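In: Okay, sequence plus prediction incoming.
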Amino acid sequence: MSNPLNHSLSRRSVLAGAFVGGTMALGALPAEASSGKAFRLTVIGTADLHSNVLNWNYFKNQPYSDRPGNQIGLAQAATLIRAVREERGIENTVTLDAGDTIQGTPLAYYFAKISPAMDGVIHPMAAAMNEVGYDAVALGNHEFNYGIPLLRSWESQLAFPLLGANVHDHATGAHAFKPFVIKKVKTTNGVVRVGMVGFVTPGCAIWDRANVEGRLDFNGIVEEAKTVIPQVRAAGADIVVVSCHSGMTPGSSYGNALPFAENASQQLAEEVPGIDAILVGHAHAEIPERWVENQATKKQVLLSEPKYWGMRVTVMDLDLTKVDGTWTVAESHAHLLNANSAGPDAAVVRAVDAAHQRVVAYVNQVIGSSTAPLKTATGCWEDVPAIDAINYIQAHTIKGELAGTASAGLPVLSIAAAFSRAVDVPAGPLTVRDVAGLYIYDNTLMSIKVTGAQVKDYLEWSARYYKAVSSTTVAAADLTNAVTPLAPNGTPDYNYDVVFGLDAPLTYTIDVAKPVGQRIVGLSYAGKALDPAQEFAMAINNYRQSGGGSFPHVATAPVLTNSQQEIRQRIIDYVTATGVLDASLFARVDWSLTVNGAPLTVV
């Protein structure tokens, strides 16, 4: 539809058309309180923008699209933000973001690595967010991915505070970022002082150890809040809204590696008095509204999370009453708005257009070359260089991350799958888009510790992908995508993993005539039968490690590294740094399919 700012429909019609879920607080305000009039404060929120400003897929060089019909980008979200402000009255709103802003797309990479947003170069996420007019933004863990100098430069370009209450200077112990800010909102019954506090998941200490160790310390969110929230109240805040880059559902991807929880938003609402509402980020979840009762005060705290990439905008309505001189929340509601219901905001588009055009040119430029063609058409039933390349780069990256740690001596393995059978890159020049096409998902790279016995179990599980075959010649459709209890419509290609050895070859055959669970034959490492007790570091993606595909052992295996960097970007970085994807380093036939020991031919 056209831009609501230029549309003849009423604001309410526009916003109702964008409504996703939750409770839209329309109609009259609450009845007048005994000693003062009611007032509605509206909190508008975004989260996990990941440098998506325009509805554009840089890797496909076309507008973003997905099966559910989502559209992305701050420009789309900005149209909805302006519509909410006009309906509610901009003077009655505050606008927040819950972090993960300057990483995630080629736009972010370009202004971090190619033309760093420092020394007068303006970061497009600063230009776009300043145009929107945020009141504050919280740090996300990905803000530290490109180092503290770039982060500080971006911070200096913002026209509003960057909040991180639980981040401390390692040397002094002082707050390294502004912990909170108070905005005065004028009403007909006096001023409401709105305290805005920012927290970031303490997992930064692990995921970006190389950038923050010895420089910044990350306290637990709940632990820090027990000190900071009373300080915000003491500084005069009538209402406290938290922008929290920490998921709703309790738990930590890093287990007990840190004494603080990764996802603490629910716990924050339960355990720390004095908070009225929480804008949630980090988990990329779509949560229109949820109330959590504070254990001490028995008051309901409103929480909302607006998905990611600007797909949704949170609108939290806090209906306040002033009783005996004190403002309090009488009722609260929240809902989400869908960005696919609005066109892009013209001012935001103008703010980033030049940067966007530079990045489009960049992703279409040659960054290296390949000594072999990279094709995946047969990658689901034979060992091909394209999948070997992914595995080699993943393993090579993990080898570097483990250097200097207690796990540095572990031999490194890697897993990868043929996500698409359509990759067909000829030998010769490689563009950024060519390289990115090898890895079409946004998975991030991790490593875990596994044993030889667990590797065998992993491979057996992967081999469930194949149907039982008795002939030595078979059509692909009669071999792949087997139906299983967990995949009643057939096992998808992305759930067939191969395992690659970096320091020495891991070799095996899969006998598809044998029963499921008994198909891996001749499993060897460095030319010898694999020792079930031998330990390895395995490069793995976050989807698989978190349980995607239900592969055995990996979800409970010790996590060795978790940089939270996209694998796609790691591949781009490798080709950019080396200039060549040299197949002689990785392309080899380590696995094959057999039928009762005889080679299988797929036609």
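Out: That came through fine. Residues are numbered from 1 along each chain as shown.
In: where's Ile393 relative to Gly409, distance?
Out: Distance, Ile393 to Gly409, by C-beta to C-beta, to the nearest Å: 21 Å. Where C-beta positions appear, they are placed from N, C-alpha and C, glycine not excepted.
In: If you could redo that for Tyr392, that was the one I meant.
Out: 20 Å.
In: what about the two, which has more around it?
Out: More crowded of Tyr392 and Gly409, by other C-beta atoms under 10 Å: Tyr392, with 24 against 9.
In: So Arg568 belongs to a strand, correct?
Out: No: secondary structure of Arg568 (DSSP: H, G, I helix; E, B strand; the rest coil): helix, not part of a strand.
In: Thought Phe59 was touching it, still the case?
Out: Yes: with contact defined as C-beta atoms under 8 Å, Arg568 counts as touching Phe59 (7.5 Å).
In: Overlap of the contact sets of the two?
Out: Ala436, Ile440 (C-beta atoms under 8 Å, 6 or more residues apart in numbering).
In: more crowded one of those two?
Out: Neighbours were counted for Arg568 and for Phe59 using other C-beta under 10 Å; Arg568 has more, 23 against 19.
In: Now that one: closest residue in space, sequence neighbours ignored.
Out: Among residues not flanking Arg568 along the chain, Tyr439 sits closest, at 4.3 Å (C-beta to C-beta, 6 or more residues apart in numbering).
In: so what's the one you found scoring on pLDDT?
Out: pLDDT, Tyr439: 90.
In: try the one 3 residues further on
Out: On the pLDDT scale, Asp442 is placed at 75.
In: okay, now it: neighbour count?
Out: 18.
In: pretty sure it is in a helix, no?
Out: No: read with three-state DSSP, Asp442 is coil and lies in no helix.
In: Next up, phi/psi of Arg433, please.
Out: phi -70, psi -40 (degrees, to the nearest 10).
In: thought it was touching Asn61?
Out: Yes: taking contacts as C-beta under 8 Å, Arg433 lies within contact range of Asn61: 6.3 Å.
In: if I look at the two, which residues touch both of them?
Out: Each of Val363, Asn364 lies in contact with both Arg433 and Asn61 under the rule C-beta under 8 Å, 6+ apart.
In: Between these two, point out the one with more neighbours.
Out: Set Arg433 next to Asn61 and count neighbours by other C-beta under 10 Å: Arg433 wins out with 19 against 12.
In: Give me the distance between the more buried one and Pro106.
Out: 9 Å.
In: who touches both of the two?
Out: Residues touching both Arg433 and Pro106 (C-beta under 8 Å, 6+ apart) are Tyr58, Phe59, Val363.
In: where's the first one relative to Phe218, distance?
Out: What it means is Tyr58. In terms of C-beta to C-beta, Tyr58 sits 31 Å off from Phe218.
In: and those two? which has more neighbours close in?
Out: Phe218 (26 against 23).
In: Not counting its neighbours along the chain, what's nearest that one?
Out: Distances taken as C-beta to C-beta, 6+ apart put Pro202 closest to Phe218, at 3.9 Å, once the chain neighbours are dropped.
In: host element of the one you found?
Out: If you go by DSSP states H and E, Pro202 is not part of any helix or strand.
In: neighbours of it, just the number please.
Out: As a burial measure, Pro202 scores 26 neighbours (other C-beta under 10 Å).
In: In this structure it contacts Asn219, no?
Out: Yes: taking C-beta under 8 Å as the definition, Pro202 is a contact partner of Asn219 at 6.7 Å.
In: Do you know the pLDDT at Ser420?
Out: Ser420 is given a pLDDT of 88.
In: can you pull the contacts of it?
Out: Neighbouring residues of Ser420 by C-beta under 8 Å, 6+ apart: Thr376, Gly437, Ile440, Asp493.
In: Could you list the low-pLDDT ranges of this protein?
Out: Applying pLDDT under 70 to the chain flags residues 1-17, 25-37.
In: Which ChimeraX command selects the buried ones in the contacts of Ser420?
Out: Command for ChimeraX that selects the buried part of the contacts of Ser420, burial taken from 16 or more other C-beta atoms under 10 Å:
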select :376,437,493
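In: Would you point out the most distant pair within the contacts of Ser420?
Out: Gly437 and Asp493 (15.2 Å; C-beta to C-beta).
In: related to what we said a few turns ago, now the residue nearest to Arg568: how far from Val559?
Out: 21 Å.
In: Between those two, which is the more surrounded one?
Out: Legend: neighbour count by other C-beta under 10 Å for Tyr439 and Val559, higher for Tyr439 (25 against 18).
In: Quickly find the element holding the more buried one.
Out: Applying DSSP H and E, one finds Tyr439 in no helix or strand.
In: Could you measure from it over to Thr371?
Out: The gap separating Tyr439 from Thr371 is 19 Å, by C-beta to C-beta.
In: Check Arg421 too.
Out: 22 Å.
In: In the stretch 351-500 of the chain, mark out all the helices, start to finish.
Out: Taking DSSP state H, counting those that start in this stretch as the test, the helices found in the stretch 351-500 of the chain are 385-402, 432-436, 452-462.
In: I should have written the stretch 151-300 of the chain there, sorry.
Out: 204-207, 209-212, 221-234, 265-271.
In: want to throw those helices into CSV with mean neighbour count and distance to Gly89?
Out: Converted to CSV, the helices of the stretch 151-300 of the chain look like this (neighbours: other C-beta atoms under 10 Å; distance: least, C-beta to C-beta, whole Å):
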stretch, mean neighbour count, distance to Gly89
helix 204-207, 24, 37
helix 209-212, 16, 41
helix 221-234, 19, 24
helix 265-271, 23, 28
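In: Let me have these in TSV, adding distance to Ile572 as columns.
Out: What follows is the helices of the stretch 151-300 of the chain, written out as TSV (distance: least, C-beta to C-beta, whole Å):
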stretch	distance to Ile572
helix 204-207	19
helix 209-212	19
helix 221-234	33
helix 265-271	33
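In: Domains in the chain, by residue range?
Out: According to automatic domain parsing, the chain comprises the domains 4-326+334-361, 367-602.
In: Pick the most buried one from those domains.
Out: domain 4-326+334-361 (a mean of 20; mean count of other C-beta atoms under 10 Å).
In: just the strands in the stretch 151-300 of the chain please.
Out: Using DSSP state E, counting those that start in this stretch, the strands of the stretch 151-300 of the chain run over 162-163, 167-169, 180-187, 190-200, 216-218, 239-245, 277-281, 286-293, 300-306.
In: In JSON lines: those strands, plus distance to Ala537.
Out: Output for the strands of the stretch 151-300 of the chain, formatted as JSON lines (distance: least, C-beta to C-beta, whole Å):
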{"stretch": "strand 162-163", "distance to Ala537": "35"}
{"stretch": "strand 167-169", "distance to Ala537": "29"}
{"stretch": "strand 180-187", "distance to Ala537": "41"}
{"stretch": "strand 190-200", "distance to Ala537": "28"}
{"stretch": "strand 216-218", "distance to Ala537": "25"}
{"stretch": "strand 239-245", "distance to Ala537": "28"}
{"stretch": "strand 277-281", "distance to Ala537": "30"}
{"stretch": "strand 286-293", "distance to Ala537": "34"}
{"stretch": "strand 300-306", "distance to Ala537": "33"}
